[in-house]
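In: mind folding the following:
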Amino acid sequence: MACIPCAARADKPARRKELPCVRCRPRCPWSKVSPLFGSNSIMSRRPKFRRGVKRGRICVWPNSADAPDAVAERVTFTGSCLHKTYPSPAGAPALKADEAKCDQFQPDQWPLLLDALRAGVRARVVSEFRGAFPARVWVWINGVLHEARLTNERTGNYHGFPINDPQQYPTPVDLLEEAPRVQIPLL
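Out: Numbering: from 1, shown residues only. Have a look, this model is predicted:
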């Protein structure tokens, strides 16, 4: 037999925040009680996972944007410690399991990474714009495609990482032939 509050609700649809009394919970149809964890715990929803990687799309340079040379001069490159297994100018290493692992460049070679980013902007191998800067830029570094993502659209700051799986290359793939190819010595 249900308790009085539960019996009173029998003809009404269940409300999410109303819980039955402790005695009635195990048999009350409106209860969200977990049979595995006892009568005082409420089952949580399953988290929504993002599956797959959203591929970028190489876009045409918009007419409303500044010239590629002007945009290239304003971009900056900081990098991200989330892709590093070594101390870098970006900070202490903090590689996450699901992030791409970057090659180890000497600190004095980091300006070459900025030059590569600027070459990619000048070559117009970019995605859609966010503000005054492209959201993504692609460059081949040491024969591996790298993607630079805009981290601050006010200042034009980017971080970059390698794309190791050709299935994650941006579309249309044939436009990647226009991406600049640079060689930067590794440590």
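In: contacts, neighbours, all on C-alpha from now
Out: Fine.
In: which parts of this protein are strands?
Out: Ranges of strands in the chain, per DSSP state E, are 76-77, 129-130, 133-134, 136-141, 144-152, 157-162, 181-182.
In: which elements pack onto the first one?
Out: If I follow you right, that is strand 76-77. helix 110-122, strand 157-162 (3 or more CA pairs under 8 Å, 6 or more residues apart in numbering; DSSP states H and E).
In: closest one to residue 67 among the strands of the chain?
Out: Ranking those by proximity to residue 67 (CA to CA) places strand 133-134 first, at 10.9 Å.
In: for the helices and strands packed on strand 76-77, give me JSON lines that also has mean neighbour count and mean pLDDT.
Out: JSON lines is the format used below for these (neighbours: other CA atoms under 10 Å; pLDDT from 0 to 100):
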{"stretch": "helix 110-122", "mean neighbour count": "21", "mean pLDDT": "94"}
{"stretch": "strand 157-162", "mean neighbour count": "22", "mean pLDDT": "90"}
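In: export the ones you listed to TSV and tack on distance to residue 147?
Out: Listed next are the helices and strands packed on strand 76-77 as TSV, based on distance: least, CA to CA, whole Å:
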stretch	distance to residue 147
helix 110-122	9
strand 157-162	5
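In: out of those, nearest to residue 79?
Out: Among those, strand 157-162 comes nearest to residue 79, with 4.1 Å by CA to CA.
In: send the alpha carbons of the closest one over as PDB?
Out: Provided in PDB are the C-alpha atoms of strand 157-162 (Å, rounded to 0.1, in the frame of the first residue of the first chain):
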ATOM      1  CA  ASN A 157      46.000  33.900 -30.000                       C
ATOM      2  CA  TYR A 158      46.300  30.300 -31.300                       C
ATOM      3  CA  HIS A 159      47.500  26.900 -30.100                       C
ATOM      4  CA  GLY A 160      48.300  24.000 -32.400                       C
ATOM      5  CA  PHE A 161      48.500  20.200 -32.500                       C
ATOM      6  CA  PRO A 162      49.200  17.400 -35.000                       C
END
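In: using TSV, lay out the strands of the chain together with distance to residue 123.
Out: Listed next are those as TSV, based on distance: least, CA to CA, whole Å:
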stretch	distance to residue 123
strand 76-77	17
strand 129-130	15
strand 133-134	12
strand 136-141	9
strand 144-152	14
strand 157-162	17
strand 181-182	11
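In: the ones you listed: which one's closest to residue 63?
Out: Taking CA to CA, strand 129-130 is the member of those nearest to residue 63, at 11.2 Å.
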